[in-house]
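**Student:** Here you go, sequence then predicted model.
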Amino acid sequence: MAPRLRTAHTADLEPAELRAVRTLLEDAFDGDLRDEDWDHALGGLHVLVHDRRGLAAHGSVVQRRVLHRGRSLRVGYVEAVGVRADVRRAGLGGRVMAELERVIEGAYGLGALCASEDGAALYAARGWRLWPGRVCVLAPDGAVRLSEEEGTVFVRPGTARGPLDPACALVFDWREGDVL
């Protein structure tokens, strides 16, 4: 059986499917998946790849807001990309990303993600660009620079008009847990 791809909103996933996704991600991230990380992956579109053994790969895209050059951009933010250990390096992560990129390019002003060292090569090879500028968050007390996140944020053009300016920060919306 060739791996089968499915795209579905969180609301359309059965509880058993969500449990399977969380289990896959906990394994893929070596047990480093906190409740806040899981929450960040919900509320948007999920791309699931199934093979004969079950869920083999997952990624999601959720809507966020980013302030940049005096504009509020609707951003498709990529979350929770993971591949089952026995099928890594077989192209399933690329299949997940291709579908997420299709959604971003058609529905969002910009795509963004925060990459781990392990994931950075995949995103760069797919045309995602490492953001060379400042990264901030609009925290409850105002904008706060996230210098430790700089060098890990990748962006991809969507439907936004006009280029991004690296001289101006990307100011992400606030959320609990890791902001990016």
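**Tutor:** Yes, it's here. Numbers count the residues shown, from 1 in each chain.

**Student:** What residues sit buried inside the longest helix along the chain?
**Tutor:** Longest helix in the chain, counting residues (DSSP state H): helix 92-107. If you call a residue buried by 16 or more other CB atoms under 10 Å, then helix 92-107 has these buried ones: Leu92, Gly93, Arg95, Val96, Met97, Glu99, Leu100, Glu101, Val103, Ile104. (C-beta placed from N, C-alpha, C; glycine too.)

**Student:** what stretches of this protein score poorly on pLDDT?
**Tutor:** Applying pLDDT under 70 to the chain flags the ranges 1.

**Student:** run the last query once more with 90
**Tutor:** 1-3, 31, 109, 117-119, 140-141, 157-163, 176-180 (pLDDT under 90).

**Student:** which residues of it fall in helices?
**Tutor:** All helices of the chain, identified by DSSP H, fall at 15-28, 35-40, 92-107, 117-125.

**Student:** tell me what the third one is packed against?
**Tutor:** Read it as helix 92-107. The contact analysis (3 or more CB pairs under 8 Å, 6 or more residues apart in numbering; DSSP states H and E) places helix 92-107 against strand 4-9, strand 45-51, strand 54-68, strand 71-83, strand 110-114, helix 117-125, strand 153-157.

**Student:** ok, residues contacting the fourth one?
**Tutor:** Around strand 71-83, the neighbours that count as contacts under CB atoms under 8 Å, 6 or more residues apart in numbering are 21, 24-25, 27-29, 37-38, 40-41, 44, 56-67, 92-93, 96-97, 100, 103-104, 107-113, 119, 158, 160.

**Student:** Just give the nearest non-adjacent residue to the residue nearest in space to the middle of the chain, would you?
**Tutor:** For the chain, the residue nearest the mean C-alpha position is Val78 (1.4 Å; CA atoms, centre = their mean). Spatially, and ignoring its direct neighbours in sequence, Val78 is nearest to Leu113 (3.9 Å; CB to CB, 6 or more residues apart in numbering).

**Student:** May I have the beta-bridge partners of the one you found?
**Tutor:** Phe154 (DSSP bridges).

**Student:** ok, it - how many residues close by?
**Tutor:** Applying other CB atoms under 10 Å, we find 25 residues neighbouring Leu113.

**Student:** cool, Leu146 as well?
**Tutor:** The burial count for Leu146: 21, using other CB under 10 Å.

**Student:** same question, the one 4 residues further on
**Tutor:** Burial measure for Glu150: 17 neighbouring residues, criterion other CB under 10 Å.

**Student:** And the contacts of stretch 47-58?
**Tutor:** Against stretch 47-58 from outside (CB under 8 Å, 6+ apart): 1, 3-8, 17, 20-21, 24-25, 46, 59-60, 80-84, 86-87, 92-93, 95-96, 99-100.

**Student:** gap between Phe172 and Leu92?
**Tutor:** 28 Å (CB to CB, to the nearest Å).

**Student:** actually Val103, not the one I typed
**Tutor:** In terms of CB to CB, Val103 sits 17 Å off from Leu92.
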